[in-house]
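# build the 3D model from these lines:
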Amino acid sequence: MSNRQPEDAAVGLKKSQFFVSRLTPSQPGALGIVGLYGAKACPTLKAYFHAFKGTSIESLAIGRIAVGQWHHEFLTGREGVRSLEREGGQPQESQECVVLVRTGEDSWEIHSHGGRAVVHSFLEIFVASGADEVSWNTWHARLQKDRRDTTIRKQLAQVDGSYAAQILTRQLAGSFQKDIRRIKQTLDTTPRCMDQIVVAKAVIDRLERASRIGLRLAQPWRVILLGPVNAGKSSLINALVGYDRSIVSPHAGTTRDVLETRAVIDGWSVNFIDTAGFHIVDNQKQEINGIEQKGIDRAAVEALNADLILHVQSLDPSAVDGFSTAQLGDALPPYISVGTKLDLCSNKQLSEQPLSEPMVPTSARTGQGIERLIQVVLEKLVPEIKHQPDCFLEGVPVSREDIDVVRKLHQQVDAYSRDL
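Predicted structure coming up:
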């Protein structure tokens, strides 16, 4: 692989008319995409790419694809192709089925298997042919891609959950712009028609409902677990994410810091935050050491920045629980009451427990109630999934600029309607 580092400054590319970039993450994946730009791109591609059915890539229309074989040159030694040729040797070849996409007059994309060696081979070939290797951010800046297009691609590079990725992919394909065009066509139509206004208002309403989620697609939801010491918070997180991440101990106060664990649940990325346990309200005279107090203070701060609180309480009849979320003040996010250690509590004991609010009973040891808790968590975080599933199937605003566009069109449609 070349020792040249990708150029990160767009200004540095003004001198370059031939450059290449990896457009997918560097780790192995199902798909690897390499972008190539410049007048030398097509001749270089022809030297290594042979389209099926003899398709001429020079005549390929913008936006069209060609499928064919790519001929990789490789060596078993470490001296490189040029040094081997000086010694009279012959490079070997391997063939790879790839898809070539013409994205502009002089810009191309190669879509192939996403293994590191394959993508590295593409980059090596083009760098050896004189191309400058650049970062994907610089690639988009150099080609002056649409600002919204670049924003979506950056968000796609950050998402973990498939649901968010699907929404962003639809936006990359133009779903939001399609909705905006429909609304603008209504405003430009003469004579004016109330039926069309009704349709435009329905599209605007859907876009406005989808905007809450659209602004959060690249950020995982933050769910914090709060409760008294030894309530089973760490064990509950381990059960939710499916593996042991948090420290579990029978001794109270084991968790003294804020620990975050990311999981993808039904296509949504969620950060579960484990915290130090709060001491019982009626036992505040008990001395708390400095380290433990710092953990409690951090938990209180994290709670104010969370999207959802899980108020964790032990269902074990022998446990004493005097913790209340009121200890943290009034400006709290929504919360769910969660009962733990259900396996230590009989049905009779559970039915006799006085509950001030609905609770989701669980057992980290047996798995009871975990699936139900996950369902309740998602319904709290993304209620649109259940109540407004159409929100995300078409256009979704993904930035403040998008929301401003929708807001202005809403005002125009309202004025249009009043003038009828």
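# got the phi/psi numbers for the residue lying closest to E384 once chain neighbours are set aside?
Leaving aside its chain neighbours, E384 sits nearest to C391 (4.9 Å; criterion: CB to CB, 6 or more residues apart in numbering). Every residue, glycine included, has its C-beta placed from N, CA and C. The phi/psi pair for C391 (degrees, to the nearest 10) reads phi -50, psi -40.
# list the contacts for C391?
Contact analysis of C391 by CB atoms under 8 Å, 6 or more residues apart in numbering lists 206, 209-210, 213, 384.
# how far out from the middle of the chain is stretch 403-413?
27 Å (CA atoms, centre = their mean, to the nearest Å).
# thinking again about what came up before, can you put the contacts of C391 in JSON lines and add pLDDT?
Formatted as JSON lines, these follow (pLDDT from 0 to 100):
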{"residue": "R206", "pLDDT": "94"}
{"residue": "R209", "pLDDT": "92"}
{"residue": "A210", "pLDDT": "93"}
{"residue": "I213", "pLDDT": "93"}
{"residue": "E384", "pLDDT": "87"}
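# most neighbours among these, which one is it?
Comparing those by number of neighbours (other CB atoms under 10 Å), A210 comes first, having 26 neighbours.
# show me what contacts it?
384, 391-392, 395-397.
# from F272, how far out is D343?
According to CB to CB, to the nearest Å, D343 stands 21 Å off from F272.
# can you give the domain ranges for the protein?
10-145, 156-215+397-418, 221-381 (automatic domain parsing).
# end to end, how far does the second one reach?
Separation of the first and last residues of domain 156-215+397-418 by CA to CA, to the nearest Å is 40 Å.
# and for the last one?
Taking CA to CA, the first and last residues of domain 221-381 lie 7 Å apart.
# mean confidence for it?
Mean per-residue pLDDT for domain 221-381: 75.
# now for whichever strand or helix holds G35, which elements pack on it?
Using DSSP states H and E, G35 sits in strand 29-38. Contacts defined by 3 or more CB pairs under 8 Å, 6 or more residues apart in numbering; DSSP states H and E place strand 29-38 against strand 18-22, strand 107-114, helix 116-128, helix 136-142.
# let me know which of those is tucked in deepest.
strand 18-22 (a mean of 23; mean count of other CB atoms under 10 Å).
# once you drop chain neighbours, what's closest to Y416?
L187 (5.9 Å).
# quick check: that neighbour touching Q411?
No. Contact criterion CB atoms under 8 Å: L187 and Q411 do not qualify, at 11.1 Å.
# more crowded one of the two?
With neighbours defined as other CB under 10 Å, L187 and Q411 compare such that L187 has more, 15 against 10.
# now the strands: where do they sit in the stretch 251-400 of the chain?
With DSSP state E, counting those that start in this stretch applied, the stretch 251-400 of the chain shows strands at 259-265, 268-274, 308-314, 335-340, 359-361, listed in chain order.
# now mean neighbour count too, for those strands, in a markdown table please.
Converted to a markdown table, those look like this (neighbours: other CB atoms under 10 Å):
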| stretch | mean neighbour count |
| --- | --- |
| strand 259-265 | 17 |
| strand 268-274 | 23 |
| strand 308-314 | 23 |
| strand 335-340 | 22 |
| strand 359-361 | 18 |
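# need those in CSV (columns: distance to C97).
Shown next, in CSV, are those (distance: least, CB to CB, whole Å):
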stretch, distance to C97
strand 259-265, 30
strand 268-274, 33
strand 308-314, 46
strand 335-340, 50
strand 359-361, 50
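# out of the ones you listed, flag the one nearest S162.
Taking CB to CB, strand 259-265 is the member of the strands of the stretch 251-400 of the chain nearest to S162, at 7.4 Å.
# list the neighbouring strands of that closest one plus their orientation.
strand 268-274 (antiparallel) (DSSP bridges).
# please save the CA atoms from the strand it pairs with in CSV.
Extracted in CSV, the C-alpha atoms of strand 268-274 (Å, rounded to 0.1, in the frame of the first residue of the first chain):
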residue,chain,number,x,y,z
TRP,A,268,-32.2,1.8,16.7
SER,A,269,-28.9,2.6,18.4
VAL,A,270,-29.2,3.0,22.1
ASN,A,271,-26.6,4.0,24.8
PHE,A,272,-27.5,2.4,28.1
ILE,A,273,-25.9,4.3,30.9
ASP,A,274,-25.1,2.5,34.2
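# that one: how far from the chain's middle?
On CA atoms, centre = their mean, the centre of strand 268-274 falls 13 Å from the chain's centre.
# what angle do strand 308-314 and that strand make with each other?
Interaxial angle, strand 268-274 versus strand 308-314 (axes from the mean of the first three to the mean of the last three CA atoms, to 10 degrees): 50 degrees.
# contact partners of strand 268-274?
159-161, 163-164, 220-225, 233-234, 237, 240-241, 246, 255, 258-264, 302, 306, 377-378, 381-382.
# then stretch 54-70?
Under CB under 8 Å, 6+ apart, the answer for stretch 54-70 is 42, 45-46, 48-52, 95-105, 110, 112, 122.
# rerun that using 6 Å as the cut-off
Stretch 54-70 is contacted from outside by 48-52, 95-96, 98-102, using CB atoms under 6 Å, 6 or more residues apart in numbering.
# from the residues you listed, list the buried ones, please.
The neighbour-count criterion (16 or more other CB atoms under 10 Å) marks 48-49, 51, 96, 98, 100-102 among the contacts of stretch 54-70 as buried.
# which of those residues fall within helices?
The helices, defined by DSSP state H, take in Y48 from the buried ones among the contacts of stretch 54-70.
# which of the buried ones among the contacts of stretch 54-70 sit farthest apart?
E96 and R102 (18.9 Å).
# rewinding a little: min pLDDT across the buried ones among the contacts of stretch 54-70, which one?
For the buried ones among the contacts of stretch 54-70, the pLDDT minimum is E96, 84.
# the most centrally placed residue in the chain: what's it in contact with?
Centroid check for the chain by CA atoms, centre = their mean gives V159 as the closest residue, at 1.4 Å. Going by CB under 6 Å, 6+ apart, V159 touches 165, 218.
# ok so it is a strand residue?
No. Using DSSP: H, G, I helix; E, B strand; the rest coil, the secondary structure at V159 is coil, not a strand.
# next, find the distance separating it from V398.
With the distance defined as CB to CB, V159 ends up 11 Å from V398.
# now do L156
For L156 relative to V398 (CB to CB), the value is 10 Å.
# what about those two, which has more around it?
More crowded of L156 and V398, by other CB under 10 Å: V398, with 26 against 18.
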